[in-house]
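A.B. asks: Mind looking at a prediction? Sequence and model below.
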Amino acid sequence: MMPAYYLEAAVVILGLVLMVMEAFVEKADKSLIAKMGIVGLLVVLVSLFFVSGPAEGDDAPIWSFYAVDPMALFYKGFALVTTILVLIMSLDYRSVLQHYMGADQEKPGAGIGEFHYLPLFTCAGLMWMASAKDIVSIFVALELVTISFYVLVAFMRRNVGSLEAGVKYLILGALSTGFFVYGLTWLFGLSGETELSKIAAALGNDDSAMVRYPKALLFSLAMILVGLGFKIAAVPFQIWVPDVYQGAPTPITAFLSVGSKAAGFVVGYRIMEPFFANHVAPQLVTLILAISGATILLGNLAAVAQENFKRLLAYSSISHAGFLLLALGCSSSTTSPVNVEGVMALYLGGYLAMTLVAFHVMCLVRAQLGSEDLSAYKGLSKRSPFLAGVLLVAMISLAGVPFTAGFIGKMYVFLMALQSRYFVIIALAVVGVGAGFYYYLKVVRAMYWDDAADDQSVQISTLSKVAMLTMVALIVILGIYPTPILNLFAA
Amino acid sequence: MITLNHYLFVSGLLFALGLSGVILRRSLIVIFMSLEMMLSAANLSLVAFSRFHLVDGLPNYNGQALVFFIITVAAAEVAVGLAIIVALFRARQTTSVDDITSMKY
Amino acid sequence: MNTDYLPILVQFLIAGGFAAVTLLISVVLGKTAQQRSEVKDQAYECGMLPIGETQPRFSVKFYLVAMLFVIFDIEVVFLYPWAVSFQEFVRDGVWVAFYSMLGFVGILFLAYLYALKKGALRWSD
């Protein structure tokens, strides 16, 4: 057994080694960098099962801002799996990258190496965030993720779309950081502590400024919520999402929509949790529910009109953020045996699998057919029955057809909302799910019922096939047997 | 006598100025400067909170530690941000937000 | 209360006075050397040329070096508090403080090597 923070250290060291290697070994094939990264992360993923928290009586300073609990371990694994799949996708996306990096004939991989090891640093940030339980470490981990995303989104520097997406993400990301930090500042000012557990303890003390000035506390929480709202793509902070998703390189879009969202929810849950059992809970819950309802409705309805598959998934990602917020809003009122942490983990786990499959298919189609529009998916079942098959599973799971992970996740969220008697939001969510069926199945119709313009087939590497099949298996298994994840979080 | 409220007022003013700069200005560089101002507002109030929240007669240094991290993170953000803006300028010959419209709904 | 701010007022006066006096001196002394030449009108040692387009184009190399400077410069923020509390740690025999800073500087060194190898510091091309 080893201390859990060795994992983050290992990922960072792996990233640094690959960085130096990429710079100094000029002969090396750039795809080797990605492959070494994948192998390294797989090793870290396995060693995730052999880590431990602080031993009895161990009061080293690090444990005051680094948590080792089921939630931390689950989301560490979540970050690792996501990054591994993103690296596999980036291998499939190389031809597009090369085209937009202005590669010359002599050095075909010039400037692409960074694309294969920068995700490792993002991964380290995501893993650290899963464990962060101090304002300072939360902030630093969040920024490590965000800043490496700025670079990755704007990576294709000969492509105007990617650059514009990068600038938009940069400005709105920095804006959200501003709000988030200001909220944290006030939380520190009111409680006089940076450790979340000490803040929660101070909340029980009637002399605490947090109890005496509830308006200031609400202001601080609202600021934090605004900051996190940008990260998780909640309405009205979703304006950047469609453009950035469309412009960014597809593997990074996938990383953004899964990694960034999960990280936002982990941090949000950790910060907000003590306040759900408190005098500010009613206002806080109302705020979260209002955002949730608007997010579900806008995300789903705006997706209906989309003709670009990437934009469609962008709005779909917004709507899923709404469902997750609804789960978060049930924190203070649910009485069911399954708790909110478990449902959020289950929902995000399923979301990871289906979103990554969809984006992986998109990478392959973009690299070989040259388009991200829905029209490129016409007749995909004839071009590649395998791709059409896995995308079919991903789409029906995103829509929420029974026996898929997407259905189970939504079902638990609805159950909790019913118990909490949030009938208005449930009505909105039902409308959202209905619209979802329409636009997700629009993709399925294009693949199976429409005819392709030509009969060009799509090549898939074995590695990608294995990756996609694993995710499809995960969708089905979680859809039938979600108990392991729920048990992980059972008190 | 300057109290905590004075500092918080100035900090709030800075934050509001920065926010309005982000919303109203059209040049990316100026927007970026305004964003830095918002972070400075947070720094100012952190130091003020830290000075006025004595622990055993000393300022609460936890807050000032956070200030260090905010400063460094802001610097990293500036470096990456300027690089992206320069790259955009080389591609489009403009840094005005009105021209960043190649993607439409 | 107002006396508290007297030093600031004095500082403003000194700062403004210094600027005014230097400008004045340069005008007075500049008069003594009447002849102007092309060389004399050039910017001193470095800086922008005074005549030309109103929005001169900088080489992107300036930005690159400035960005690298900002990154490596700001890390000193962490060195100061470390240096202040280092003695205490060593006295208590806690060498973790030393090795963690070694790791921190080591990462910076790797980044420096990377920048060097990628040619970010190469001025002439």
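C.D. replies: It's in.
A.B. asks: Chain C against chain B: which residues are in contact?
C.D. replies: Taking CB under 8 Å from any CB of the partner chain as the measure of proximity, chain C contacts chain B at C:1, C:60, C:63, C:67-68, C:70-71, C:73-75, C:77-78, C:81. From N, CA and C alone the C-beta is placed, and that goes for glycine too.
A.B. asks: Chain neighbours aside, what residue packs nearest to residue A:251?
C.D. replies: Once flanking residues are discounted, residue A:251 sits nearest to residue A:89: 3.9 Å by CB to CB, 6 or more residues apart in numbering or on different chains.
A.B. asks: Just confirm the one you found contacts residue A:360, I think it does.
C.D. replies: Yes. Counting by CB atoms under 8 Å, residue A:89 does reach residue A:360; the two are 5.4 Å apart.
A.B. asks: which outside residues touch stretch A:289-303?
C.D. replies: Contacts with stretch A:289-303, where a contact means CB atoms under 8 Å, 6 or more residues apart in numbering or on different chains, come from A:225, A:229, A:233-236, A:238, A:312, A:315-323, A:325-326, A:328-329, A:422, A:424-425, A:428-429, A:431-433, A:435-436, A:439.
A.B. asks: Which positions in that stretch come out as buried?
C.D. replies: For stretch A:289-303, the buried set under the neighbour-count rule, 16 or more other CB atoms under 10 Å in any protein chain shown, comprises A:289, A:291-303.
A.B. asks: Turn those into CSV, including pLDDT and secondary structure.
C.D. replies: Listed next are those as CSV, based on pLDDT from 0 to 100; DSSP: H, G, I helix; E, B strand; the rest coil:
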residue, pLDDT, secondary structure
A:289, 93, helix
A:291, 94, helix
A:292, 94, helix
A:293, 94, helix
A:294, 94, helix
A:295, 95, helix
A:296, 94, helix
A:297, 93, helix
A:298, 93, helix
A:299, 92, helix
A:300, 92, helix
A:301, 92, helix
A:302, 92, helix
A:303, 92, helix
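A.B. asks: And the strands in chain A?
C.D. replies: In chain A, the segments counted as strands under DSSP state E are A:2-3, A:51-52.
A.B. asks: Parallel or antiparallel, which strands does the first one pair with?
C.D. replies: Here strand A:2-3 is paired, per DSSP bridges, with strand A:51-52 (parallel).
A.B. asks: Pull the residues that contact the partner strand.
C.D. replies: Counting contacts by CB under 8 Å, 6+ apart, the residues outside strand A:51-52 that touch it are A:1, A:2, A:3, A:4, A:6, A:7, A:68, A:73.
A.B. asks: Are any of those buried, and if so which?
C.D. replies: Among the contacts of strand A:51-52, those buried by neighbour count (16+ other CB under 10 Å) are A:3, A:4, A:7, A:68, A:73.
A.B. asks: Backbone dihedrals for residue B:100, please?
C.D. replies: Note on residue B:100: backbone dihedrals following degrees, to the nearest 10 are phi -90, psi 70.
A.B. asks: ok so, going back, any common contacting residues for residue A:89 and residue A:360?
C.D. replies: Overlap between the neighbourhoods of residue A:89 and residue A:360 consists of A:254, A:464, taking contacts as CB under 8 Å, 6+ apart.
A.B. asks: How about stretch A:184-196 and chain C, touching?
C.D. replies: No. Contact of stretch A:184-196 with chain C is not found when judged by CB under 8 Å from any CB; the minimum separation is 15.6 Å.
A.B. asks: hmm, that stretch touching chain B?
C.D. replies: Yes. Taking CB under 8 Å from any CB as the criterion, stretch A:184-196 and chain B are in contact, through A:184, A:185, A:186, A:188, A:189, A:192, A:193, A:194.
A.B. asks: Tell me which residue in chain C sits closest to chain A.
C.D. replies: The nearest approach of chain C to chain A comes at residue C:117, 4.3 Å away (CB to the nearest CB).
A.B. asks: Retrieve the pLDDT associated with that residue.
C.D. replies: According to the model's per-residue confidence, residue C:117 sits at a pLDDT of 89.
A.B. asks: what's the neighbour count on it?
C.D. replies: Number of residues near residue C:117 (other CB atoms under 10 Å in any protein chain shown) recorded here: 14.
A.B. asks: likewise residue A:328?
C.D. replies: Using other CB under 10 Å, residue A:328 has 25 neighbouring residues.
A.B. asks: residues in contact with it?
C.D. replies: Residue A:328 makes contact with A:265, A:268, A:269, A:272, A:288, A:292, A:340, A:344, according to CB under 8 Å, 6+ apart.
A.B. asks: is it true that the third one touches residue A:343?
C.D. replies: No. Counting by CB under 8 Å, residue A:343 is not a contact partner of residue A:269; they are 11.2 Å apart.
A.B. asks: Between those two, tell me which one has more neighbours.
C.D. replies: Between residue A:269 and residue A:343, counting by other CB under 10 Å, residue A:343 is the more crowded of the two (29 against 19).
A.B. asks: Tell me the first helix or strand C-terminal of the lowest-mean-pLDDT helix or strand in chain C.
C.D. replies: The helix or strand of chain C with the poorest confidence is helix C:38-41; it has a mean of 67 (mean pLDDT, DSSP states H and E). Secondary structure here is assigned by DSSP states H and E; on that basis, the next helix or strand after helix C:38-41 toward the C-terminus is helix C:60-74.
A.B. asks: which residues of chain B score low on pLDDT?
C.D. replies: Using pLDDT under 70 as the threshold, the predicted model of chain B has low-confidence ranges B:103-105.
A.B. asks: Could you give the average pLDDT over the lengthiest helix in chain C?
C.D. replies: For chain C, the helix with the greatest residue count under DSSP state H is helix C:6-32. Averaging the model's pLDDT scores along helix C:6-32 yields 88.
A.B. asks: now that helix, how far from the centre of its chain.
C.D. replies: Using CA atoms, centre = their mean, to the nearest Å, the distance from the centre of helix C:6-32 to the centre of the chain it belongs to is 23 Å.
A.B. asks: Just name whatever secondary elements it is in contact with.
C.D. replies: In this structure, helix C:6-32 makes packing contacts with no helix or strand, judged by 3 or more CB pairs under 8 Å, 6 or more residues apart in numbering or on different chains; DSSP states H and E.
A.B. asks: rewinding a little: kindly reformat the contacts of strand A:51-52 as JSON lines and extend each row with pLDDT.
C.D. replies: As requested, those are arranged in JSON lines below (pLDDT from 0 to 100):
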{"residue": "A:1", "pLDDT": "79"}
{"residue": "A:2", "pLDDT": "87"}
{"residue": "A:3", "pLDDT": "88"}
{"residue": "A:4", "pLDDT": "90"}
{"residue": "A:6", "pLDDT": "92"}
{"residue": "A:7", "pLDDT": "94"}
{"residue": "A:68", "pLDDT": "91"}
{"residue": "A:73", "pLDDT": "93"}
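A.B. asks: The residues you listed in helices, which ones?
C.D. replies: Per DSSP H, helices hold the following members of the contacts of strand A:51-52: A:6, A:7, A:73.
A.B. asks: Cross-check the contact I'm expecting between the last one and residue A:45.
C.D. replies: Looking back up the chat, that one is residue A:73. No. Using CB under 8 Å as the test, residue A:73 is too far from residue A:45 to be in contact (11.3 Å).
A.B. asks: coming back round to it: from the contacts of residue A:328, which shows the smallest pLDDT?
C.D. replies: Note: of the contacts of residue A:328, the lowest pLDDT belongs to residue A:340, at 87.
A.B. asks: Counting neighbours, what do you get for residue A:65?
C.D. replies: When counting by other CB under 10 Å, one arrives at 19 neighbours for residue A:65.
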